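S.K.: heads up, no residue letters with this:
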Ligand code: WTA
């Protein structure tokens, strides 16, 4: 990354907003920044009143008692009334909310009016199963319209949803359901993935056969006609329950701080943590950023966030903000290469997409596939292009700019986290002169600052990224674990939120994100904890000890490399190594399966017994590692041994 930055700086590439774009942009000057600088609470209060319809206005903008924040105190709202009812009541019920595109090419468009009816009916279904305000519903679904319907139905009646990414394993479902005491799991028979149905209900059954005991009911949408087993009294077909459901379900005003959802994310320990998001502040920040970062024109734009709703990007920028802002979105079920490598560009041409929001890892893959793919399609409808999830290399930025954006479409590189709820550091496309590879500046009303090891602010150079004041979309805690919340985010640097990322600030005050500084890996934009993978490795009966590192990878950003020591009499073999890799895939889900498992006789440790991860990372970085098991070849062992002889690390 740093080398790439040097390349850019030498070349001095900067991209001011194109004049034509700036002339029509939703925000064109620095007035938001100035307003927020002068009084950030007043700035957010104004945004919250402009963007949100409140049943009862709030009386206090912020109550801050580190680490506990309450935003828009006294305010009452229903988030689904903001996402749906208000548009229908304003005569926009026939406007398309989602153009749904299935992977095999089936399509369905759903209007705001239709979506509202479905949400009310499904809310009644949930009530009929005994769910009420304060309960938690787990959702484990593919990218189908029933997913946002389920989330919104929960939100309408004050049930918090906990969406579990459809690629996760039965164990992940058990952990998350147990931690949250989920009462119901909403799922589907399967979803289309790379040309074939991938079963989901099956995984839920496995989870329920071993745990997740608080779950009383399972609701199953039919996507792929997989005909799963249905347990009498426990399992219900979505369409059966909906057939009898009433569509009368008024939106009940909720407290601004009503728990909206939990979303589990990896930290530095072996158990994922349930990040808590509430209603008013979350909606204010996501709506603000969606409107101004994407320069959204709801009457004419066709917006597409190509993430999966199973991640926070999908929660905030496929479901809540786009609906609350009343725009038409594209929602796509599948992968970028099915049935062909031009799938994304075909979708953009077909719907005349104006905003595309995707991840650097996808862009690097598109680069690898070559320009002939996008060249086959008309991409001239694009007005703003976003990226999220990991640092974007300047080369990938330039490729996106030239080959997708036609050289004149602003790019917004948006830094944020599950914990932040919404975008935090990003250009504003009509205002900011961008530099490829830099996420530029904190949005108005967010105070991002770098600090050194002692917590002293850094004005130029490298440091730890912190947020110096509370912000509306911030997490409200870790479910069931207030101590861990304080300890993880608010203890490393006094009075500051510590994000876990390193960054540098250049002479012009631009921020360059450099990746995680903790034991969290970023693989294709997904957060995976080294500890979690290590635990899964050690869970295999043949493994005595394991160390996991994230090595540099051209395509996925980082790749998971697992070093393992075998137990007692187990013989190292390629088969055993592959079995150990698969074991992690089963325990945690495929995305957490190590790219390579290296069986070693020993692990390098400091004298105090800490595994020398930096050395292991260097060893991994210095070698071409395939999708496979590598036995301890003498060279690796020698390298490790040589490093271990070198003494203590940190
Ligand atoms: C990384 C995703 C650099 C970062 C919304 C952060 C980024 C983690 C960027 C959060 C970006 C996200 N540039 N790094 N534009 N966006 N990250 O919780 O390390 O899945 O801490 O949220 O992704 O990942 P999460």
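M.R.: Done, it's in. Values in this document were obtained by computation on a predicted structure and should not be read as measured data.
S.K.: How is residue 347 assigned, secondary-structure-wise?
M.R.: helix (DSSP: H, G, I helix; E, B strand; the rest coil).
S.K.: Next, count neighbours for it.
M.R.: Using other C-beta atoms under 10 Å, the number of residues around residue 347 comes to 19. Where C-beta positions appear, they are placed from N, C-alpha and C, glycine not excepted.
S.K.: distance of it from residue 107?
M.R.: Distance of residue 347 to residue 107, computed by C-beta to C-beta, to the nearest Å: 10 Å.
S.K.: now do residue 303
M.R.: 17 Å.
S.K.: Have a look at these two and say which one is more surrounded.
M.R.: More neighbours surround residue 303 than the other of residue 303 and residue 107, with 26 against 10 (other C-beta under 10 Å).
S.K.: so what's the closest residue to the more buried one other than its chain neighbours up against?
M.R.: Of all residues not flanking residue 303 in the chain, residue 355 sits nearest, at 4.6 Å (C-beta to C-beta, 6 or more residues apart in numbering). Contact analysis of residue 355 by C-beta atoms under 8 Å, 6 or more residues apart in numbering lists 294, 295, 296, 301, 303, 304, 382, 383, 384, 385, 386.
S.K.: for the single nearest residue of the stretch 251-400 of the chain relative to the ligand, helix, strand, or coil?
M.R.: Using C-beta to the nearest ligand atom, residue 391 is the residue of the stretch 251-400 of the chain that sits closest to the ligand, at 4.0 Å. Classification of residue 391 using three-state DSSP returns coil.
S.K.: now do the one 5 residues further on
M.R.: Recorded secondary structure, residue 396: helix (three-state DSSP).
S.K.: count of residues packed around it?
M.R.: For residue 396, using other C-beta under 10 Å, the count is 22.
S.K.: contacting residues around it?
M.R.: 360, 363, 364, 367.
S.K.: wait, the first one sits on residue 393?
M.R.: Yes: Residue 360 is in contact with residue 393 according to C-beta atoms under 8 Å; the separation is 7.1 Å.
S.K.: can you pull out the strands in the stretch 151-300 of the chain?
M.R.: 160-163, 184-188, 190-193, 196-199, 217-221, 235-237, 254-255, 259-265, 273-278 (DSSP state E, counting those that start in this stretch).
S.K.: what residues does the shortest one touch?
M.R.: Outside strand 254-255, the residues that touch it by C-beta under 8 Å, 6+ apart are 75, 76, 77, 78, 79, 158, 279.
S.K.: Could you identify the most distant pair in those?
M.R.: Within these, 75 and 158 form the most distant pair, 15.2 Å apart (C-beta to C-beta).
S.K.: who has more neighbours, the two?
M.R.: residue 75 (27 against 20).
S.K.: Find the nearest non-adjacent residue to that one, please.
M.R.: In space, residue 75 is closest to residue 58, 3.1 Å off (C-beta to C-beta, 6+ apart).
S.K.: before we move on, what about residue 576?
M.R.: residue 542 (6.0 Å).
S.K.: was I right about that neighbour contacting residue 583?
M.R.: No: contact between residue 542 and residue 583 fails when scored by C-beta under 8 Å: they sit 9.2 Å apart.
S.K.: Just give me how far stretch 406-415 sits from the chain centre.
M.R.: Mean-position distance between stretch 406-415 and its chain equals 19 Å (C-alpha atoms, centre = their mean, to the nearest Å).
S.K.: Now do the buried residues in that stretch.
M.R.: 409, 410, 411, 412, 413, 414, 415 (16 or more other C-beta atoms under 10 Å).
S.K.: Sitting in strands, which of those do you find?
M.R.: The subset of the buried residues of stretch 406-415 located in strands under the criterion DSSP state E comprises 411, 412, 413, 414.
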